[in-house]
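Asker: Please work out how this folds:
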Amino acid sequence: MGIQNKKFSTSNMTANPRKDEWHPNIWPPFTQISKSNPPQRIVKANGALLEREDGRTIIDAISSWWVTLHGHSNPYIAKAIYEQAIQLEQVIFADFTQPQAEHLAERLSKATGLQKLFFSDNGSTAVEVALKLALQWWFNKGESRCQIIAFEGAYHGDTFGAMSVGERNLFNEPFEELLFPVKRIPWPATWWGDEKVDNRENNALKRLEHLLEHPTAAVILEPLIQGAGGMAMVRPEFLQKVQLLTRQSKALLIADEVMVGFGRSGSLFASKRASISPDLMSLSKGLTGGFLPMGVTMATKEIFNAFIGSNPSQTFWHGHSFTANPLGCAAANASLDLLEKDPKSFQNFESRHLPHLKELSQHPKVKKIRLTGTIAAFDLQTDDKDGYLNIAGKAVKKYALEQNVFIRPLGNVVYLLPPLCINDTQLEHCYYVLKAALDTL
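Answerer: Predicted structure coming up:
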């Protein structure tokens with residue numbers, strides 16, 4: 001299994017970039033400068049490939065942080081943005097509306113089953129909106145409910161509310177005293193051959209049931225897959241039981257589908273695949289096909305109605321300068337067109353991963369293989385502690401990049417989350433490189 005193609009040549013790869021190659025004015029995200037190499041410059045991209053200045057290409061095996069849905073520079077989405085840009089590029093959304101936003105709201109309402117859409121700018125702000133709506137909903141109803149329940153290992157973004165409901169770790173340690181309190185329950189992640197998942201699910205549900213005895217505003221979760229938490233996957237039936245307990249307590253259920261929405265889970269939305277019906281849903285990343293930043297929060301009509309009244313305190317006083325930007329809405333509508341035209345592109349993706357994962361499962365350095373939709377993941381078997389600070393993934397990342405495959409392991413968790421357009425030859429090459437990288441550990 002492998003590819004002989006000059007586009008994947010590594011002969012000119014710079015082995016040890018100089019530290020002075022860092023751009024003097026740019027502060028990169030999630031990067032420890034002293035322990036990292038300067039980033040490579042990408043000048044073009046098409047489909048699943050990123051192109052360097054010298055023309056050599058890299059397979060983008062993680063969809064550029066999970067946003068590039070249909071592939072880079074998709075001509076259909078690009079054309080939609082261009083046509084919108086020469087007609088209306090931006091208008092304040094507090095006093096005006098526009099056709100692209102209206103069309104997108106109608107489509108997402110129909111697709112999610114949630115009747116109201118609130119626009120924001122990215123995944124983190126979409127989560128902030130959901131949290132604020134949930135808390136103010138109870139305030140508007142005249143009932144004091146402030147408890148929020150989240151899951152261990154969760155990641156919901158980097159703004160303060162999103163950090164509060166995410167896992168407390170080195171990423172948000174400097175802000176610990178400023179984050180609001182959250183109750184947490186275990187996330188009973190599972191994998192191939194897992195024989196103890198029933199016990200873990202039962203323990204988590206008992207903990208949830210106990211916490212819900214106290215009046216709770218909302219339970220927030222990432223349906224089916226915790227992304228940044230290590231591509232940790234749970235069974236649909238567990239989420240159904242979580243929803244049942246949440247409903248019985250009258251708390252709201254928030255589904256953070258920022259990563260898993262728009263086909264990533266093998267269904268248009270992970271909530272649909274899990275057969276749950278959240279009260280609030282946060283969406284971003286694949287929303288615009290990866291072309292432009294945009295976030296939305298979907299809500300039930302019941303929640304919306306509690307914000308209608310003569311008292312100014314009932315108003316949801318929240319907004320963003322680029323709320324419902326017409327270019328972003330045009331991109332999102334075009335992306336939905338492509339998903340509706342070819343649903344098998346995401347519905348059948350598991351079958352493309354499956355034979356490669358079965359082969360990898362025999363490797364002694366591989367454990368806890370899991371697969372949901374377009375997302376395939378496994379843990380590296382190492383002598384160090386599992387988690388984000390495990391350095392084994394860095395070695396795999398370095399080797400893969402030398403073979404022109406870009407991945408970004410989460411500690412010792414290695415995953416592939418490619419754009420839907422990746423062809424079988426490119427996907428096969430990704431797995432070929434992963435296996436070769438494992439052999440070097």
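
Asker: Break down the stretch 1-150 of the chain into its helices, ranges please.
Answerer: 63-66, 75-85, 99-112, 123-140 (DSSP state H, counting those that start in this stretch).

Asker: May I see the ones you listed organised as TSV, with distance to residue 423, mean neighbour count and mean pLDDT added?
Answerer: Where C-beta positions appear, they are placed from N, C-alpha and C, glycine not excepted. Formatted as TSV, the helices of the stretch 1-150 of the chain follow (distance: least, CB to CB, whole Å; neighbours: other CB atoms under 10 Å; pLDDT from 0 to 100):
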stretch	distance to residue 423	mean neighbour count	mean pLDDT
helix 63-66	15	20	97
helix 75-85	17	16	98
helix 99-112	27	18	98
helix 123-140	28	24	98
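
Asker: for the ones you listed, which one sits closest to residue 361?
Answerer: helix 63-66 (23.7 Å; CB to CB).

Asker: how far does that closest one sit from the chain's center?
Answerer: 9 Å (CA atoms, centre = their mean, to the nearest Å).

Asker: Please apply the same query to stretch 355-362.
Answerer: Distance, centroid of stretch 355-362 to centroid of chain: 25 Å (CA atoms, centre = their mean).

Asker: what does stretch 396-408 give?
Answerer: 21 Å.

Asker: mind listing what's buried in it?
Answerer: 396-397, 399-401, 403-408 (16 or more other CB atoms under 10 Å).

Asker: Please apply the same query to stretch 223-238.
Answerer: 223-236, 238.

Asker: repeat for stretch 298-305
Answerer: 298-300, 303-304.

Asker: ok, of the buried residues of stretch 396-408, which one's closest to residue 212?
Answerer: Top of the list for closeness to residue 212, among those and by CB to CB, is residue 408 at 36.2 Å.

Asker: Now do the contacts for the nearest residue to the closest one once chain neighbours are set aside.
Answerer: Leaving aside its sequence neighbours, residue 408 sits nearest to residue 62 (CB to CB, 6 or more residues apart in numbering; 5.6 Å). Neighbouring residues of residue 62 by CB atoms under 8 Å, 6 or more residues apart in numbering: 406-408, 415-418.

Asker: Sitting in strands, which of the residues you listed do you find?
Answerer: Among those, the ones falling in strands (DSSP state E) are 406, 415-416.

Asker: Save the residues you listed as CSV, and put in distance to residue 264 and pLDDT too.
Answerer: Output for the ones in strands among the contacts of residue 62, formatted as CSV (distance: CB to CB, whole Å; pLDDT from 0 to 100):
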residue, distance to residue 264, pLDDT
406, 18, 98
415, 12, 98
416, 12, 98
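
Asker: which residue sits closest to residue 295, ignoring its sequence neighbours?
Answerer: residue 126 (3.5 Å).

Asker: From residue 120, how far out is that neighbour?
Answerer: Residue 126 sits 5 Å away from residue 120, going by CB to CB, to the nearest Å.

Asker: ditto for residue 240
Answerer: For residue 240, the distance to residue 120 (CB to CB) stands at 29 Å.

Asker: These two: which is more packed in?
Answerer: Ranked by neighbour count (other CB atoms under 10 Å), residue 240 and residue 120 place residue 120 first, with 26 against 12.

Asker: For the more buried one, list each beta-bridge partner.
Answerer: residue 295 (DSSP bridges).

Asker: Who are the contact partners of it?
Answerer: Counted by CB under 8 Å, 6+ apart, residue 120 has contacts 126, 128-129, 294-297, 320, 323.

Asker: okay, those residues in TSV with distance to residue 214 next?
Answerer: Below are the contacts of residue 120 laid out as TSV (distance: CB to CB, whole Å):
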residue	distance to residue 214
126	27
128	23
129	24
294	36
295	30
296	31
297	25
320	33
323	35
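
Asker: Greatest separation within the residues you listed: which pair is it?
Answerer: 128 and 294 (14.5 Å).

Asker: Look up the pLDDT of the spatially most central residue of the chain for me, please.
Answerer: The centre of the chain sits closest to residue 259, judged by CA atoms, centre = their mean, with a distance of 1.8 Å. Looking at residue 259, its pLDDT reads 98.

Asker: now it: how far from residue 154?
Answerer: Taken as CB to CB, the span from residue 259 to residue 154 is 12 Å.

Asker: Which neighbours do the two have in common?
Answerer: Joint contacts of residue 259 and residue 154 (CB under 8 Å, 6+ apart) are residue 222.

Asker: those strands in the stretch 301-441 of the chain, which residues are they?
Answerer: For the stretch 301-441 of the chain, the strands defined by DSSP state E, counting those that start in this stretch occupy 366-372, 375-380, 405-406, 413-416.

Asker: Quick one: closest of those strands to residue 74.
Answerer: Checking the strands of the stretch 301-441 of the chain against residue 74 by CB to CB gives strand 405-406 as the closest, at 18.5 Å.

Asker: Kindly state the beta-bridge partners for residue 413.
Answerer: residue 379, residue 410.

Asker: doesn't residue 231 make contact with it?
Answerer: Yes: contact criterion CB atoms under 8 Å: residue 413 and residue 231 qualify, at 5.8 Å.

Asker: overlap in contacts of the two?
Answerer: Common neighbours of residue 413 and residue 231 (CB under 8 Å, 6+ apart) are residue 377.

Asker: quick one: pLDDT of residue 236?
Answerer: 98.

Asker: List the contacts of it.
Answerer: Residues near residue 236 by CB under 8 Å, 6+ apart: 224, 273-276.

Asker: Now it. Its backbone dihedrals?
Answerer: Main-chain torsions, residue 236, degrees, to the nearest 10: phi -60, psi -40.

Asker: what about it, distance to residue 223?
Answerer: 9 Å.

Asker: joint contacts of the two?
Answerer: 273-274, 276.

Asker: Quick check: buried residues in stretch 21-31?
Answerer: Buried residues in stretch 21-31 (16+ other CB under 10 Å): residue 22.

Asker: Average pLDDT for that stretch, rounded please.
Answerer: Rounded mean pLDDT across stretch 21-31 is 91.

Asker: Return the alpha-carbon coordinates of that stretch using CSV.
Answerer: The C-alpha trace of stretch 21-31 is given here as CSV (Å, rounded to 0.1, in the frame of the first residue of the first chain):
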residue,chain,number,x,y,z
GLU,A,21,12.3,32.0,10.0
TRP,A,22,9.4,32.9,12.4
HIS,A,23,7.5,35.9,11.1
PRO,A,24,8.5,38.9,13.2
ASN,A,25,4.9,40.1,13.6
ILE,A,26,2.7,36.9,13.9
TRP,A,27,1.7,35.2,17.1
PRO,A,28,0.6,31.7,16.1
PRO,A,29,-2.2,29.8,18.0
PHE,A,30,-1.7,26.9,20.3
THR,A,31,2.1,27.0,19.7
